[in-house]
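Visitor: A predicted structure for the sequence below; I have some questions about it.
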Amino acid sequence: MTQLAGKRVLITGAAQGIGRATALVLARRGCDVVLTDVREDLLAATAAELRTQVTYNAPKRPSISAYPLDVTDEAAILALRDEVHHTHGPIDILVNNAGLVFGGTFLDVPLARHRTTYEVNTLGLVAMTHAFLPDLISRPAGHLVNIASASAYIGLPYGTTYASSKWAVLGFSDGIRLELAELGQRHVRVTAVCPSFVNTGLFAGATAIRQTTFLETDSLAEKIVRAIERDKIYLLAPRLAYITPVLRGILPTRLFDAVGRWFGVTTSMRHWQGRGHSAATPSPASTADRPLATSSR
């Protein structure tokens, strides 16, 4: 059981969505929270909002700090690490939340956007972990939280690179968890969070899986924080999502595909619109796509 009061937490993609909601819950638990996001305007507003909302009955009020960050910029990550160490000290918990999604048929989505998806959702997460894992190891009890997706367990038409980037996140989470155990560093816990569609705007136009509705960020954030407190290895939401890896393990592939089709998984992203972005409109990764590099989930 992880005690959160007094822990220092760094959250990527914290300006809105899951990141913002999780930051609020952690601050209310007594954590000092370091917010990062590529959207400086939203980041500053979120930090100000948390400072006014959070009250904590303890001698020390939790601190809220904010730093602009593009998780695809390795130099910026290392500079942030140095700044956090200098100003606050090493972190206890890293929440890798920054992510984005581009929906549409594979060939209609420009290759630059497929690349950006992997750069943010997978490589950015790996770079953040590489920079801050020594902090977690150095602390009495560290925790790494990676926001993956329920689509890490099943193919997602019209969101192929998004889903596969989350498959990679899940595999990375399992690998680093087992590696830490092999190295005798079991005091560092790893939690992979695998939610279905979340009502953040990133999945606007998508259709909820049959028997479910879109998850709300506030309730999901509470689940994430409880998963940290309880040292859970996986958090799948909603509960129906827990049957996906089970079915994948016991059903023949064609039957598993048919079940996914019946639940509406294969068509859920067909009419994706996202947060005002068109998948069919090409734009260079170095310009229009790059500012999206740490969009909050």
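Guide: Sure thing, it's come through.
Visitor: Show me the shaky parts of the stretch 1-150 of the chain.
Guide: 1, 55-60 (pLDDT under 70).
Visitor: need the helices for it, in chain order.
Guide: Applying DSSP state H, counting those that start in this stretch to the stretch 1-150 of the chain gives helices spanning 17-28, 40-53, 74-87, 111-118, 125-138.
Visitor: right, so the ones you listed: which one is the most enclosed?
Guide: helix 17-28 (a mean of 25; mean count of other CB atoms under 10 Å). Just so you know, the C-beta spots here come from the backbone N, C-alpha and C atoms, and that holds for glycine as well.
Visitor: got the angle between that helix and helix 40-53?
Guide: 30 degrees (axes from the mean of the first three to the mean of the last three CA atoms, to 10 degrees).
Visitor: so what does helix 17-28 touch, helix or strand wise?
Guide: Counting contacts by 3 or more CB pairs under 8 Å, 6 or more residues apart in numbering; DSSP states H and E, helix 17-28 packs against strand 8-11, strand 32-37, helix 40-53, strand 93-96, helix 217-229.
Visitor: Output those as CSV; include the columns distance to V198.
Guide: Shown next, in CSV, are those (distance: least, CB to CB, whole Å):
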stretch, distance to V198
strand 8-11, 15
strand 32-37, 17
helix 40-53, 17
strand 93-96, 15
helix 217-229, 6
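Visitor: Distance check, the closest residue to E119 other than its chain neighbours against A112.
Guide: Distances taken as CB to CB, 6 or more residues apart in numbering place T72 nearest to E119, at 4.7 Å, with adjacent residues excluded. For T72, the distance to A112 equals 13 Å [CB to CB, to the nearest Å].
Visitor: and if you look at N146?
Guide: 25 Å.
Visitor: Could I get the contacting residues of R139?
Guide: P90, I91, D92, H187 (CB atoms under 8 Å, 6 or more residues apart in numbering).
Visitor: Lovely, talk soon.
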